[in-house]
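1. show me the folded form of this:
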Amino acid sequence: MKFVLFVEGYTEQKAVPAFLKRWLDLQLSAPVGIQSVRFEGWPELVKDSPVKAKLYFAKRDVIAVIVLLDLYGPTFYPRNCLRADDRFSWAKEHLERVVGEGRFFQFFAVHEVEVWLFSDPAIFPTVVRKDVENLSRTPEGINGTDPPSKRLIKVYSKHTKRRYKKVVYGKDLFRKLDLQVAYNKCPYLKLLLDNMLELVREHS
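-> Alright, predicted model coming up:
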């Protein structure tokens, strides 16, 4: 059994599936697969995912198709959707309705997948750890005008004289990330993982 995970970038493709699978496998008696499919940014993902998702629904081993987007970046939200929870709810309902298939689920990283890394400052190099700790109490509260990846670029540039490399550093940090810490500190991540776990159990 496996999930098909639609993602919008290289960090999500290389680091996120293994991270999600680690958590799920700890809860299950048998491992579950996660196949990632990368799109070229959020516009292509939103445009093409309804058609591409249908290619997987006929496969018996596919539990569900899950789309994971960063809440930061897309510009399709209505003007009155300003808060993160309003944007999340509106976009999830809208995009799932477009596909109209019970095994298609839309989720968002609030505001980017890098926010999950902020939940566990211990995984970061010592020189940047203090700055990360200041943001770690409510990671998903890091707002969309100055999102997590930009915060990390500033912190790394300040303390290491090098830019934060999303794909290279992100893959290593996700591998070190304490699963339960991220789960406990990030409610939207918890929602995603709980939903995936429930789907596996229903499919068994």
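2. show me what contacts the closest residue to residue 15 other than its chain neighbours?
-> Closest residue to residue 15 apart from its sequence neighbours, by CB to CB, 6 or more residues apart in numbering: residue 174 at 3.9 Å. All C-beta atoms are positioned from the backbone trio N, CA, C, and that covers glycine. Going by CB atoms under 8 Å, 6 or more residues apart in numbering, residue 174 touches 15-16, 18-19, 116-117.
3. after the host helix or strand of residue 174, next one along is what?
-> Element membership for residue 174, per DSSP states H and E: helix 166-176. Per DSSP H and E, the first helix or strand lying C-terminal to helix 166-176 is helix 179-185.
4. distance between that next one and the chain's centre?
-> 13 Å (CA atoms, centre = their mean, to the nearest Å).
5. list the buried ones in the helix or strand just after it?
-> Sequence-wise, the next helix or strand downstream of helix 179-185 (DSSP H and E) is helix 187-203. Buried residues in helix 187-203, counted by 16 or more other CB atoms under 10 Å: 188-189, 192-193, 196, 199-200.
6. ditto for stretch 128-139
-> 128-129, 131-132, 135-136, 139.
7. mind checking the backbone torsions on the closest residue to residue 67 other than its chain neighbours?
-> Leaving aside its sequence neighbours, residue 67 sits nearest to residue 6 (CB to CB, 6+ apart; 4.4 Å). As for residue 6, its main-chain torsions (degrees, to the nearest 10) stand at phi -90, psi 130.
8. relative to residue 85, which of the buried residues of stretch 128-139 is nearest.
-> Nearest to residue 85, judged by CB to CB, of the buried residues of stretch 128-139 is residue 139 at 15.3 Å.
9. hmm, residue 121 and that closest one touching each other?
-> No. Residue 139 is not in contact with residue 121 according to CB atoms under 8 Å; the separation is 10.1 Å.
10. which residues of the protein fall in helices?
-> Under the criterion DSSP state H, the chain contains helices at 10-27, 41-57, 84-99, 115-118, 126-133, 148-160, 166-176, 179-185, 187-203.
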